[in-house]
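1. Give me a 3D structure for the following:
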Amino acid sequence: MVNLKTKGIILFIVGVSLFLSYPAQARRVRKSFKELSTLVNVVQQNDMAKAKIIITKLNMQPVTKVWLIPVATDYMSGVRFTKKGNDFVDAIGKEIDELAKEVGFDIKEGYVSDFVLVVTELISNIWKYAQWGLIIVSECNDYRGIEIIAIDNGEGIEDVERVLRGDFVKKQSPGTGLELIQSKSSYIEVESTPGKGTTVMIEMYLCLVDGRRVVAHVDYLESGVNLEPPRNSP
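-> The predicted structure follows:
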């Protein structure tokens, strides 16, 4: 994996770290997301009215969308999405593709984009293993692509590195979708505490392949593909 850290990145949310019982660790998120720690605490306290106010404020940021993922009831039957679940994910997917187009990605009509595949997997994991979750999608701090963050209060993953290496993980256990997410991303960072929850941070950078502006998958980066230059900041 390629670590594409930039100067504009700050320490992530003490509130999230406390909630998930993590030590404070470096995070690569916009400064405007300092409200996220408050949002996590508010959701934990089940104050959904206040959560909606904070989400509305975050959604006013340029190229930014935040979703509170509800309890899986009515959204999943067994391990499959219900119609309501599919409609919920489809609506989010359309908004994410529009954000990706705004940043400069070419989204091929009639095909499921990498962004939708990644977020669908993240939402599925939240519904399977957690009581609530948050999905945050924004432009990367250096204007080279899209950043996706998922936070949940679920079962947690016992061995993140093993999962990311592609080693065998028991079917329907937490972390089974991370290998797919990693393959569709430029960079992935996962912090998880069993019994407490998981935070996944993904960066999906722009590169030019066969004349199309697409996600620089980790295998593209390992083969030496050049990233597209940053777009002008808004």
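2. hang on, Trp67 in a strand?
-> Yes - when the secondary structure is assigned by DSSP: H, G, I helix; E, B strand; the rest coil, Trp67 falls within a strand.
3. per-residue pLDDT, it?
-> Looking at Trp67, its pLDDT stands at 96.
4. go on, Ser183?
-> We note a pLDDT of 90 for Ser183 in this prediction.
5. do the same with Pro234
-> For Pro234, the model assigns a pLDDT of 59.
6. Against which helices or strands is the longest helix seen in the chain packed?
-> For the chain, the helix that runs over the most residues, judged by DSSP state H, is helix 83-103. Packing partners of helix 83-103 (3 or more C-beta pairs under 8 Å, 6 or more residues apart in numbering; DSSP states H and E): strand 64-69, helix 114-129, strand 133-139, strand 145-152. C-beta here means a position set from N, CA and C on the backbone, and glycine is covered the same way.
7. To His217, which of these lies closest?
-> Closest to His217 of the helices and strands packed on helix 83-103 is helix 114-129 (C-beta to C-beta; 7.8 Å).
8. can you give me how far the closest one is from the chain middle?
-> 9 Å (C-alpha atoms, centre = their mean, to the nearest Å).
9. For it, output the C-alpha coordinates as CSV.
-> Written as CSV, here are the backbone C-alpha positions of helix 114-129 (Å, rounded to 0.1, in the frame of the first residue of the first chain):
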residue,chain,number,x,y,z
ASP,A,114,-15.6,2.0,-7.4
PHE,A,115,-17.0,4.6,-5.0
VAL,A,116,-20.4,2.9,-4.9
LEU,A,117,-18.8,-0.6,-4.4
VAL,A,118,-16.7,0.7,-1.5
VAL,A,119,-19.5,2.5,0.3
THR,A,120,-21.9,-0.3,-0.2
GLU,A,121,-19.5,-2.7,1.5
LEU,A,122,-19.0,-0.3,4.3
ILE,A,123,-22.7,0.2,4.9
SER,A,124,-23.2,-3.6,4.7
ASN,A,125,-20.6,-4.1,7.4
ILE,A,126,-22.3,-1.5,9.6
TRP,A,127,-25.7,-3.2,9.2
LYS,A,128,-24.3,-6.6,9.9
TYR,A,129,-22.1,-5.9,12.9
